[in-house]
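In: no letters, just coordinates:
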């Protein structure tokens, strides 16, 4: 993807940061295998057949193989009940790690999280609070969301709406983390679609201090942190 000629923002390379984390994990998995003869395992719960979900599942399988973690798939129908799904799934987000490893200060900053889902919006808001940011959540019933987002030093976009956040919404110099993954039709792609975020990336590049692209930003980090959480959980059991 070619960068805009008037780009000001630093592109946060989620792939590079994630690769560093994966290398650290691979070494720890190797040591566990040598010392205990055991390695961590990761079960991936797949609900329905969404294109964006299938893309992440493929990345997770590949990432597990890369670091030596065993992977298992659990396929569920799209009509699965919420209770059944919750009983099988427990996920943690990796947004704050990306901010920290990119040199963004969180303490004392004003953060706005766009979206209030139980999977991303609310957990990220709590993690930002724990990291001493002042947090505001923008959701579908928020009045004048643009003016609220424009006050933020840190923007976490997790609304699930393709390119909803425009460059005019962003405070100059702000750190923008785009969690959104939206499949939009694109006849130029072999797949017939492309993935875009909740932020208009090219516009954001002209205003933000740093910004994550989609794909290549939060996606690889989510997989890397999932591997990290898998490793940490396995170590607690194996090293008892």
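Out: Received it, and whenever you're ready, just let me know what you need. These numbers come from a predicted model, not from an experiment.

In: strands along this structure, start to end?
Out: Using DSSP state E, the strands of the chain run over residues 10-11, 41-47, 70-76, 110-114, 134-138, 154-157, 175-178, 182-185, 193-196, 210-211.

In: what's the closest of these to residue 97?
Out: Distances from residue 97 to each of these were compared using Cβ to Cβ; the shortest belongs to strand 175-178, at 10.6 Å. Quick note: C-beta positions are derived from backbone N, CA and C, even for glycine.

In: where does pLDDT dip in the chain?
Out: Judged against pLDDT under 70, the low-scoring parts of the chain cover residues 1-5, 48-53, 74-76, 79-93.

In: pull out the buried positions in the top helix by length along it.
Out: Longest helix in the chain, counting residues (DSSP state H): helix 14-36. Applying a neighbour-count criterion of 16 or more other Cβ atoms under 10 Å, the buried positions in helix 14-36 are 14-15, 17-18, 21-22, 25-26, 28-29, 32.

In: which strands and helices sit next to it?
Out: The elements that helix 14-36 packs onto, with contact taken as 3 or more Cβ pairs under 8 Å, 6 or more residues apart in numbering; DSSP states H and E, are helix 51-67, helix 95-101, helix 218-238.

In: could you measure from the residue nearest to residue 56 when sequence neighbours are not counted over to residue 60?
Out: Once flanking residues are discounted, residue 56 sits nearest to residue 219: 6.8 Å by Cβ to Cβ, 6 or more residues apart in numbering. Applying Cβ to Cβ, to the nearest Å, one obtains 10 Å for the distance of residue 219 from residue 60.

In: re the thing from before, dump the strands of the chain to CSV, plus distance to residue 126 and mean neighbour count.
Out: Below are these laid out as CSV (distance: least, Cβ to Cβ, whole Å; neighbours: other Cβ atoms under 10 Å):
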stretch, distance to residue 126, mean neighbour count
strand 10-11, 27, 16
strand 41-47, 23, 16
strand 70-76, 27, 13
strand 110-114, 10, 26
strand 134-138, 8, 19
strand 154-157, 12, 29
strand 175-178, 15, 28
strand 182-185, 25, 14
strand 193-196, 27, 18
strand 210-211, 23, 24
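
In: which one of those strands lies closest to residue 225?
Out: If you check each of the strands of the chain against residue 225 by Cβ to Cβ, strand 41-47 wins as the nearest, at 12.1 Å.

In: adjacent strands (with direction) for the closest one?
Out: With DSSP bridges as the test, strand 41-47 is paired with strand 70-76 (parallel).

In: residue 181 touches residue 194, doesn't it?
Out: No. The pair formed by residue 181 and residue 194 falls short of the contact definition of Cβ atoms under 8 Å, at 10.9 Å.

In: residues shared between the contacts of these two?
Out: Common neighbours of residue 181 and residue 194 are not found (criterion: Cβ atoms under 8 Å, 6 or more residues apart in numbering).

In: and for residue 228, the neighbour number?
Out: For residue 228, the tally of surrounding residues (other Cβ atoms under 10 Å) stands at 20.

In: so who does it touch?
Out: Residue 228 sits in contact with 21, 25, 94, where contact means Cβ under 8 Å, 6+ apart.

In: nearest to residue 172 among these?
Out: Using Cβ to Cβ, residue 94 comes nearest to residue 172 of these, at 26.5 Å.

In: check contacts around that closest one.
Out: Residue 94 sits next to 218, 221-222, 224-226, 228 when contact means Cβ under 8 Å, 6+ apart.
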